[in-house]
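>>> Structural data only, the sequence is not supplied:
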């Protein structure tokens, strides 16, 4: 019987074994540790390093990487920027917090409300690549018309108007690349 090393186990876990539900591997310890360090680094860079100290997690980020928050950026803006940088899970938390007057003051709620409708649009080249990968052909081969301007954009994806060859109008939802993998990894690390 072949013995498996710790490195092989971690690598297999990171690569995946085909048994996961969302098509991505359950991250190994190394991947979770990396994600936690990334979260800690973003918090420190955005001026929230004291949260790491308060929770005993300052060891996750190198002391020299902690920088002073920019003076012209308010605390609510720093929080929104940190949540945006950390990705879809944290954006969803920020969206939820923007509706909770019992938890946050109005300045924070107003700033976090920007997460509700200010998601950046994916470039049309990226959208076309995603549609091509999912459908196996160019959008023009499937749709009579495909509007390159999104109807809406959110943290997880965006929606485009399109017309089928028979004239039926449809909405095509396009997920942002790597968001589901990152979302799963973040949820596991939390």
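Yep, it's here. The shown structure was predicted, so the numbers you read here are calculated from the model rather than taken from an experiment.

>>> tell me the contacts of residue 42?
The neighbours of residue 42, taking CB atoms under 8 Å, 6 or more residues apart in numbering as the test, are 82, 85-86. For every residue, glycine as well, the C-beta is placed using N, CA and C.

>>> Tell me which other helices or strands the strand or helix carrying residue 134 touches.
Residue 134 is part of helix 124-135, with elements assigned from DSSP states H and E. Contact partners of helix 124-135 among helices and strands, from 3 or more CB pairs under 8 Å, 6 or more residues apart in numbering; DSSP states H and E: helix 139-142, strand 169-175.

>>> Go through those and name the closest to residue 29.
Relative to residue 29, the nearest member of these by CB to CB is strand 169-175, separated by 27.5 Å.

>>> Secondary structure of residue 177: a strand, I assume?
No. Following the definition DSSP: H, G, I helix; E, B strand; the rest coil, residue 177 is coil and is not counted among the residues of a strand.

>>> Can you report how many residues neighbour it?
Residue 177 sits with 14 neighbouring residues when counted by other CB atoms under 10 Å.

>>> Domain boundaries for this protein, per the record?
If you go by automatic domain parsing, the domain ranges for the chain are 6-118+180-189, 124-177.

>>> need these in CSV with mean pLDDT, can you?
Converted to CSV, those look like this (pLDDT from 0 to 100):
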stretch, mean pLDDT
domain 6-118+180-189, 72
domain 124-177, 92
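
>>> distance between stretch 42-52 and the chain's centre?
Relative to its parent chain, stretch 42-52 has a centroid offset of 19 Å by CA atoms, centre = their mean, to the nearest Å.

>>> First-to-last residue distance for that stretch?
11 Å (CA to CA, to the nearest Å).

>>> next one: stretch 147-164
Stretch 147-164 has an end-to-end distance of 12 Å (criterion: CA to CA).

>>> what does it rub up against?
With contact meaning CB under 8 Å, 6+ apart, stretch 147-164 is reached by 87-88, 91-92, 95, 115, 119-122, 124, 127, 139, 143-146, 169-176, 179, 183.

>>> how long is stretch 87-105 end to end?
Using CA to CA, the span of stretch 87-105 from its first residue to its last is 23 Å.

>>> which residues does residue 162 bridge with?
The residues listed as beta-bridge partners of residue 162 by DSSP bridges are residue 146, residue 170.

>>> Against residue 152, how distant is it?
According to CB to CB, to the nearest Å, residue 162 and residue 152 sit 14 Å apart.

>>> Who has more neighbours out of the two?
The residue with more neighbours, out of residue 162 and residue 152 and counting by other CB under 10 Å, is residue 162; that gives 18 against 13.

>>> sorry, back to before: buried among the contacts of residue 42? Make that a PyMOL selection.
If you want just the buried ones from the contacts of residue 42 in PyMOL, going by 16 or more other CB atoms under 10 Å, the selection is:
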select buried, resi 82+85+86
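
>>> what would the contacts of residue 42 look like in a markdown table with secondary structure and distance to residue 29?
As requested, those are exported to a markdown table (DSSP: H, G, I helix; E, B strand; the rest coil; distance: CB to CB, whole Å):
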| residue | secondary structure | distance to residue 29 |
| --- | --- | --- |
| 82 | helix | 25 |
| 85 | helix | 24 |
| 86 | helix | 20 |
